[in-house]
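In: no sequence for this one, just the structure:
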């Protein structure tokens, strides 16, 4: 028997809950992003207009700032601090430790707090995705750690962002059980959808 409160029982009756956090490091065109009319019946701006069919699930928050993204005399590093504080609410201090190495410490991020709960209902608790691999830019606070991810499992564990579609696919659906299976996947040049077109 399966207890009614188990994740298996919940999955049979309701879809798994999902939450997404999308970070736009270079900002947006404000007059095309922010709705001109606010409140429950807000107007969708040009950039947000593709979400109109999801009106009841969309919440647009504007004019927010977080004091922990300020310098507090810690020198340059506004971009890394902003990235770090966004989901953690914790100031990303520049900490020099032994032998000139940087001590990295932040805090668990909101996505990982959600993953602890929602992840009970899914095979993978969370996916940390990026459009491109991090590069060595804006590393003036925290030796790039604060710039290269927005997700932290705990105060000392930043989570790598994955930008390669095949790696993401393999995490979601497996990479083949045998060496021959994996080799066949690597040799595949088309889309996974190409392999099922005959069935459609």
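Out: Received, thanks. Keep in mind that this is a model prediction, so the values were computed, not measured. Numbers count the residues shown, from 1 in each chain.

In: Every contact and neighbour count from this point should use C-alpha atoms.
Out: Will do.

In: center of the protein, which residue is that?
Out: The centre of the chain sits closest to residue 128, judged by Cα atoms, centre = their mean, with a distance of 4.5 Å.

In: I figured that one hits residue 162, correct?
Out: Yes: with contact defined as Cα atoms under 8 Å, residue 128 counts as touching residue 162 (6.2 Å).

In: what mean pLDDT would you report for the longest helix seen in the chain?
Out: Looking across the chain with DSSP state H, the single longest helix is helix 78-88. Mean pLDDT, helix 78-88: 87.

In: What is the following helix or strand past that helix packed up against?
Out: Downstream of helix 78-88, the next assigned helix or strand under DSSP states H and E is helix 110-118. Applying 3 or more Cα pairs under 8 Å, 6 or more residues apart in numbering; DSSP states H and E, we find helix 110-118 packed against helix 78-88.

In: list the helices and strands the helix it packs on packs on?
Out: Helices and strands touching helix 78-88, by 3+ Cα pairs under 8 Å, 6+ apart, are helix 110-118, helix 145-148.

In: So which of those helices is nearest residue 27?
Out: helix 145-148 (14.9 Å; Cα to Cα).

In: Can you point out the buried residues in the helix or strand following the closest one?
Out: With elements assigned by DSSP H and E, the helix or strand that comes after helix 145-148 is strand 152-154. Of the residues in strand 152-154, 152-154 count as buried by neighbour count, 16 or more other Cα atoms under 10 Å.

In: Lovely, talk soon.
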